[in-house]
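Undergrad: Provided below for reference: sequence and predicted model.
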Amino acid sequence: MDTMFVSLAVILAGGVAALLLCRQFTLMKLVTIATTTAGCGVGLFYSLSNLLSHAAPIEMSWSWLHLFSLAFKVDSISLFFLVPIFTITPMALLYSFHYMGDKAKATRTAINYFFFTILVASMALVVTAANIITFALAWEIMSLSSFFLVIFDYQVKANRQAGYIYFIFAQGGAMFLFAAFALLYQHTGSFDFSTFSTIPENVKLLVFILAFLCFGSKAGIFPLHLAKIQSGPAAPSHIAAIMSAVMSKMGIYAIFRMYLLLDATTPFIGQIVLVTGIGTGVLGVVYALAKQDLKVLLAYSSVENIGIILIGLGIGMVGVSEQSQAMAFFGFAGAFMHVFNHSIFKSLLFMGAGAVSRKAKTTNIDQLGGLMKRMPITGRTFLAGSVAISGLPPFSGFIGEFLIYYGAFYGISNHRLPFILAILAIVSLAVIGGLAAACFTKVVGLGFLGEPRTENAAKATETGSSMTLIMVVLAIASLVIGILPEPFIRLAFAGINDVPYTVGFDTLAFMGIVRQVSQTVAIFIGLLLLITLLRKILYLKKEIGSGGTWGCGFTQPTVRMQYTGTSYAAEMIDFYRPFVPVKKIYTGISKIFPGKTTWETEVEDVAELNYQLRLIQPLLKFLNKLRWIQHGKIQLYIAYIVLAIIVLLLLL
Amino acid sequence: MESIFSFCFAILITPLLPALIKKVKACYAGQQGPPLLINYYTMAKLFKKGSVYSTSTTFVFRMGPVVGCATSLMMLLFFPMAGIAPLFSFHGDVLILFYLMGLGRFFTILAALDTASPFEGMGAAREAFFSTLAEATVFGILVLFFRITGSLSFAEFFSGSHPISLTGEHGALLILVIVALYIVMLTENSRVPVDDPATHLELTMIHEVMILDHSGPDLALIELGAWFKLLFYAGFLARIIDPFQLQNVWLNGLLFYAVVTFIYITIGTVESITARYKMNMVPKFILTPFILVFFATILTMELIK
């Protein structure tokens, strides 16, 4: 445990060093990156070695402000979630070396690094916290530091607005969390996590739902995903990568931890999580398909993946209440595996999007094209990430989904509700997979392949070496996990070692299947190489011509005739219409000799629309009526405070 | 040994069967039709040719046919054709195989988009759309089969203690599955009434328009991949339809391939007597089998205790 605190201290020292060295731009970046990476290395060594040796949970606490105690507990679940934190952080930092290249923003970059290290440390504290005070403290530091990271480019109005929405969601979520904690404290009279399971059964469900709302908004469940959608595109890409790939997993961790701590017998919790996961997954990917901005699309795709992870957790929880150990085990393990895999390929994709936005000056797919030739490494790694995130073998995305499928198939039992839920989970996983493939063929096929649609896209060149290097490393990692999943699956299994419901589950038979999967992937790659060789032989000494694309007889093609992302997705979006409203703006033709007219379509978020219509507008209307309370007279404000205290003293 | 022989036989016979569809269609039209070995001639011709590549394309365009062909071949490696154990099999192979098929589709779509052609983009969008709908049905069928057999492998579906068989205890449910799988087969293999490979207009095609720019051996690989895929689906259907498990391997194989041939003939018949649906009708058509399978799965709740 001390090792972890040492690593956190080193990481924070890196952040402080950035502030001190902010006048020496390059030196500052080098020192910060080196120090923080070293800290993460120590932390990674600590978490991996303890995880793989199945170390017993360690507890630690010390008093704070004479009144509270800060308590920490490290068990296998904490250790597992520490792994992506300590793995992705150095990657994002190294990537930022070339990405944060604007010397004019040196001070701001230093501040960004400072908050970055605070975010990393606070995430590590979140997964190790063992009482209400520690957890709430770490959780709030995490929310606040990430808020400052989001508004890095604060001159842009859209970014400020995004930061604002992010802040509202973070604090609104925290309100639910405090409500949940207050309920718990009321029944237990203790801050300690271990007392949670003693509260009455009917309160447990309420506490879980309240906490689920808070943690869900951090993770990005539908319809609480707006903060994520806003912050992803606004933040710098390495920050977006960390937030999407690692920080949203803190929400998942917290949901799972809360579930374990409550130890409820009601089957509702599992069912809620599973159904939310299904809805989040399907709607997330449909919106990802509908959006044309690369970063927005990736943010929605994170929502989708959170959905997949929740499906896994839900399957596991239903398995627990159904007393099917196999279902519980594979559900949890699949969710953990996907947490790990997603952190790798999602940061890869966000980094690719960052490279594109730097070089092509836009992230709108309808204005890109032809980047595979101009940015060969970014393009190839992005392709790898796309295959991985679509859950297709031989890349890593498949492995987590395979485990979740496995758990879901074991859930096909005779009990009605679990049976229906398991079928729904399987079918929706299949649909999510298909739609994700459609979504990422759109990104790669229209953004990176074909001909450039704009001047800027045509002039794009490959990005700096630190950025491409990291993307290559992450792409190779995704491939290796896909081909040789065994050690990584063992890691996920080690992660759920301390989950009481799955203790003693025999994984020997399943490990055989994992080896078979990896053998199948090997056969496939062998076959692929064989056919490639055959193709090479067939093309030996053949005439290879080149010319324009066949335009079906049309002789004057232009790049604007290419299919666009909007048209590619149109039919599929139409199919999901009630959930995905499309706003069409058409100025129309009014005169006999028509002038210039415009046609615009925009996919609107159904959650955002409803918030506007049913929550924000009535709330504003109501609050406007209370405007008279706020008049700017300090003495009366003080009177309010005195009055409030008196009322509270009298009532409580 | 038997498995290797069965696999090789399946590969060798693959080009023959689609020619049968052409023959049937010609018969309905009152024509003589091409010779039955037409596809072997086409292959030989394509293999001899060189290729012309569009200047817009990248390596992805060249990868498309290779990945497509390899993924379809994987299906044949794992599927127990004619009741003979496949070369490879394990519990859970259906999941990875259908996902590999998704990988093949992924690269076919990318290769189409790589050409920067609006027609190919249109085909790609439809392919992506329709396949997501078909995927739901396929996994619905897997759920049902898992329910019946408790297995997740092609080989075990038909050989375990509760094999899938029309004469078995769940034979009635299988009728629904057969209809569903037949529609999925038509969808996934771009046949009428979902797609018309023989139409004269690129705008109305799906699969055929995606491969407009491929030529020579690349085109041959795509065609081979498509035939392997069709054979896999026909074989899957045939194993469900054919209720007999004879002791004699040869007789069994003969019966199996007779059913496969029959399925190919029905495809030809369907293509001759129906027209392609309007594009907005296709999703409804593809969702029908999902409802059938879902219904069959619900029925198992009472039938299987």
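TA: Looks like it arrived, so ask away.

Undergrad: residue boundaries of the strands in chain B?
TA: With DSSP state E applied, chain B shows strands at B:51-54, listed in chain order.

Undergrad: and the residue of it nearest chain A?
TA: Chain A sits closest to B:Gly121 of chain B, with a gap of 2.5 Å, by Cβ to the nearest Cβ. Yep, even glycine has a C-beta here, placed from its N, CA and C like the rest.

Undergrad: Number of residues surrounding that residue?
TA: Taking other Cβ atoms under 10 Å in any protein chain shown as the neighbour definition, B:Gly121 ends up with a count of 26.

Undergrad: contacting residues around it?
TA: Contacts were defined as Cβ atoms under 8 Å, 6 or more residues apart in numbering or on different chains; by that measure B:Gly121 touches A:445-446, A:562-563, A:567-568, B:112-113.

Undergrad: Identify the residue nearest the residue of the stretch 501-650 of chain A at minimum distance from chain B in space, chain neighbours excluded?
TA: Distances from the stretch 501-650 of chain A to chain B, computed as Cβ to the nearest Cβ, single out A:Tyr563 as the nearest residue at 2.5 Å. Nearest-residue entry for A:Tyr563: B:Gly121, 2.5 Å, with adjacent residues in sequence omitted and distances by Cβ to Cβ, 6 or more residues apart in numbering or on different chains.

Undergrad: What pLDDT does the model give that neighbour?
TA: Reading off the confidence values, B:Gly121 has pLDDT 91.

Undergrad: Quickly note the distance from it to A:Arg560.
TA: When distances are taken as Cβ to Cβ, to the nearest Å, B:Gly121 and A:Arg560 turn out to be 13 Å apart.

Undergrad: Was I right to think A:Val580 contacts A:Ala290?
TA: Yes - contact between A:Val580 and A:Ala290 holds when scored by Cβ atoms under 8 Å: they sit 5.7 Å apart.

Undergrad: Between the two, which contacts overlap?
TA: A:573, A:603.

Undergrad: Comparing these two, which shows the higher neighbour count?
TA: A:Ala290 (25 against 20).

Undergrad: And the more buried one, how close does it get to chain B?
TA: When distance is defined by Cβ to the nearest Cβ, to the nearest Å, A:Ala290 is 13 Å away from chain B.

Undergrad: if I pick that residue, what's in contact with it?
TA: Contact criterion Cβ under 8 Å, 6+ apart gives A:569, A:573, A:580, A:582, A:603 as the residues in contact with A:Ala290.

Undergrad: same thing but at 6 Å, please
TA: Contacts were defined as Cβ atoms under 6 Å, 6 or more residues apart in numbering or on different chains; by that measure A:Ala290 touches A:569, A:573, A:580, A:603.

Undergrad: list the contacts for the last one?
TA: Spelled out, that is A:Val603. Taking Cβ under 6 Å, 6+ apart as the definition of contact, the neighbours of A:Val603 are A:290, A:582.

Undergrad: now it: how far from A:Pro267?
TA: The gap separating A:Val603 from A:Pro267 is 36 Å, by Cβ to Cβ.

Undergrad: Kindly report the same for A:Ala124.
TA: When Cβ to Cβ is the yardstick, A:Ala124 and A:Pro267 sit 33 Å from each other.

Undergrad: quick one, helices of chain B?
TA: B:2-13, B:16-28, B:38-48, B:59-78, B:93-114, B:118-149, B:154-159, B:171-188, B:207-210, B:216-241, B:249-273, B:282-303 (DSSP state H).
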